[in-house]
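> Based on what follows, work out the 3D shape:
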Amino acid sequence: MRIMKESSASDGILVNALQASHNAAGVGRYALEVARGLCRRREDVHVVTRTEMADAFDLSRERLSLANVGESSWRRILFEQFSLPSLAENCRLIHFPDSASILRGGMPCLMTVHDLSFFTCEGTFTWSQTLWKKQAARLSARHALRVICSSRHTATDVASFLRVPEERIRVVYPGVTTHAGEAAPPGVSCPDEPFILAVGTLEPRKNFVRLMRSVARLHRQGPKLPLVIAGKPGWIYQDILRAPRDLGIEDAVTFAGYCSDPQLKWLYQRARMLAYVSLYEGFGFPPLEAMSYGLPVVAANVSSMPEVCEEAAIYAAPESVVEITDAIRRLHSDESLRDHLVARGREQAARFTWARTAEDLSGVFDELEVP
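As a prediction, the model looks like this:
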C-alpha cells in the first residue's frame, strides 16, 4: 500500500476520500462530492485519495496525497488504520466519510454515519460485515469529536445504538447528483413499454424480492408493468436473482447491473415510476435523483424515507406486498397524482445540493477549533 505523499496536511483539515469514485453510488459518491465541495470552499482542506482518482479534485499537488490501495476494501481499511495516522499526524482535523474512522483514540477525527442498518436489520449482511461494521462504528463514535449524520433518523439511531450524546451529533444532509451530459442506454435490453424502475445494490435490505412479488401480483391482476432493477450484485443476493423464475415472471424482470450516471439518466427518463421500498435507509439517493429527473416515486414509509421525500412521494409499508402493489397501481393510473408528485418532486430534490452540504460541514469544522 504505497503512499505517494505529494505534500503535508500539517495544520490543515484532511479529508479522507479513499472511497471516492466516479462510478460509485452511496458512500463513494458522497466522499467524492464532499471532498470536491470542501476544497472549493476552503483553502485549508487537504485530500487523500486513491492514485487513480488524482485528477478528480482539481487540486494542486500541495493539497493532495495519493495512496495505491486499488479497489480492495480491506486494503483501504488497513491503510486508514495504519498509514493514514502518520500522514495526518499534524492535522487539526480529519474527516471520514463513513462510520469507521481511526479506531485508536487521540486523533482529532470527525466521522459520518449514513445508516446503522447493520444494527437494525439483522440478517442483511454477512457475519464478517456485521462484526466489522458494528465494532468499527462503536470505537469510532467513542473517539469522534463530532458524528455527522445524513438524516435526523440516523441521528436518533446514533444516539440509541452508539450511545453518542446529542451535543456531539450534527445532521448534515447529502446532495443530489444530476447528470448534465447525454443519457446512454444500459448494456442490456430494457422494455419499450412503461416500466417500474428500482435502483440499488442487490442485497436483502433493498427488499427486491417483495417488490418482485408485487410485480407478480400486478401481472395476475393488472396492470402488467415490467420491472428493471439497476444495481450491481452486493451480498446475500442469490434469492433476488432466483425470484423472477420462482414467481413465474422471468420475462417481466430485467437485471440491468451496475449503471453509470448516463445510463441511470436514461432509465430515469423512460421509467413510469421509481419503486424504492427498502426496509431501512439512512438517507437514500435514488428517490431524490428520480425526482430531479421528473420521475414520480413510491417509497417505503419507514426509516428516513418520509423525512427525505416528505410529500413528494406516495408511501407503502415495505413488508406488505399488498400495499406496495396498491401504491404502484395507483401511481400508474392516476395522472393528476403523477403530475402533482412530479412538480413536488422537482422542488424537493432542489433542496439537496452538494454546495449546501459543504457549507454545513464547513460550519462543523469551524466550531471545532482544535489547536
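> and stretch 51-71, what's its mean pLDDT?
Stretch 51-71 shows a mean pLDDT of 89.
> And for stretch 294-313?
Stretch 294-313 shows a mean pLDDT of 98.
> CA atoms only: put it into CSV for me.
Taking Å, rounded to 0.1, in the frame of the first residue of the first chain, the C-alpha atoms of stretch 294-313 are listed here in CSV:
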residue,chain,number,x,y,z
GLY,A,294,-39.2,14.3,-13.1
LEU,A,295,-39.9,10.7,-12.2
PRO,A,296,-42.6,10.0,-9.5
VAL,A,297,-41.7,7.8,-6.6
VAL,A,298,-43.2,5.0,-4.5
ALA,A,299,-41.2,5.0,-1.3
ALA,A,300,-41.2,2.9,1.9
ASN,A,301,-42.9,4.5,4.8
VAL,A,302,-40.1,3.7,7.3
SER,A,303,-36.7,5.0,8.5
SER,A,304,-35.6,8.2,6.8
MET,A,305,-37.8,8.0,3.7
PRO,A,306,-40.7,10.2,4.9
GLU,A,307,-38.1,12.7,6.2
VAL,A,308,-36.2,12.9,2.9
CYS,A,309,-39.1,12.6,0.5
GLU,A,310,-41.8,14.4,2.6
GLU,A,311,-45.0,15.0,0.5
ALA,A,312,-43.2,14.4,-2.8
ALA,A,313,-43.8,10.6,-2.9
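> Buried residues, that stretch. List them.
295-305, 307-309, 312-313 (16 or more other C-beta atoms under 10 Å). In this view, the C-beta of every residue, glycine as well, is placed from N, C-alpha and C.
> in the stretch 201-350 of the chain, which spans are strands?
Remark: strands assigned in the stretch 201-350 of the chain by DSSP state E, counting those that start in this stretch are 227-230, 253-257, 273-276, 297-300, 314-316.
> Please produce JSON lines containing those strands, extended by distance to Ala350.
Below are the strands of the stretch 201-350 of the chain laid out as JSON lines (distance: least, C-beta to C-beta, whole Å):
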{"stretch": "strand 227-230", "distance to Ala350": "23"}
{"stretch": "strand 253-257", "distance to Ala350": "27"}
{"stretch": "strand 273-276", "distance to Ala350": "17"}
{"stretch": "strand 297-300", "distance to Ala350": "15"}
{"stretch": "strand 314-316", "distance to Ala350": "20"}
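> between those, which one is nearest to Leu78?
Minimum separation from Leu78 across the strands of the stretch 201-350 of the chain (C-beta to C-beta) falls at strand 253-257, 29.1 Å.
> And the closest residue in space to Pro204 that isn't next to it in sequence, how far from Tyr258?
Spatial nearest neighbour of Pro204, excluding adjacent residues (C-beta to C-beta, 6 or more residues apart in numbering): Thr124 at 4.1 Å. As judged by C-beta to C-beta, to the nearest Å, Thr124 and Tyr258 stand 20 Å apart.
> So between those two, which is more surrounded?
Comparing Thr124 with Tyr258 by other C-beta atoms under 10 Å, the one with more neighbours is Thr124, at 20 against 16.
> Which of the buried residues of stretch 294-313 sits closest to Leu87?
Proximity of the buried residues of stretch 294-313 to Leu87 was ranked by C-beta to C-beta; the top entry is Ser304 with 33.5 Å.
> among the helices and strands of the chain, which one scores worst on average pLDDT?
Lowest by mean pLDDT, DSSP states H and E among the helices and strands of the chain is strand 3-5, with a mean of 46.
> C-terminal to it, what's the next element?
Using DSSP states H and E, the helix or strand that follows strand 3-5 in sequence is strand 13-17.
> which residues does Asp115 contact?
Neighbouring residues of Asp115 by C-beta atoms under 8 Å, 6 or more residues apart in numbering: 150, 154, 157, 280-283, 303-304.
> what secondary structure does it sit in?
Here Asp115 is recorded as coil under DSSP: H, G, I helix; E, B strand; the rest coil.
> what about it, distance to Ser150?
Distance check for Asp115 against Ser150: by C-beta to C-beta, it reads 7 Å.
> which neighbours do those two share?
With C-beta under 8 Å, 6+ apart, Asp115 and Ser150 have common neighbours 282-283, 304.
> Can you tell me which of these end up in helices?
Here DSSP state H is the test, and those give no hits in helices at all.
> Which of those residues sits closest to Gly28?
Nearest to Gly28 among the shared contacts of Asp115 and Ser150, with distances taken as C-beta to C-beta, is Phe283, at 14.0 Å.
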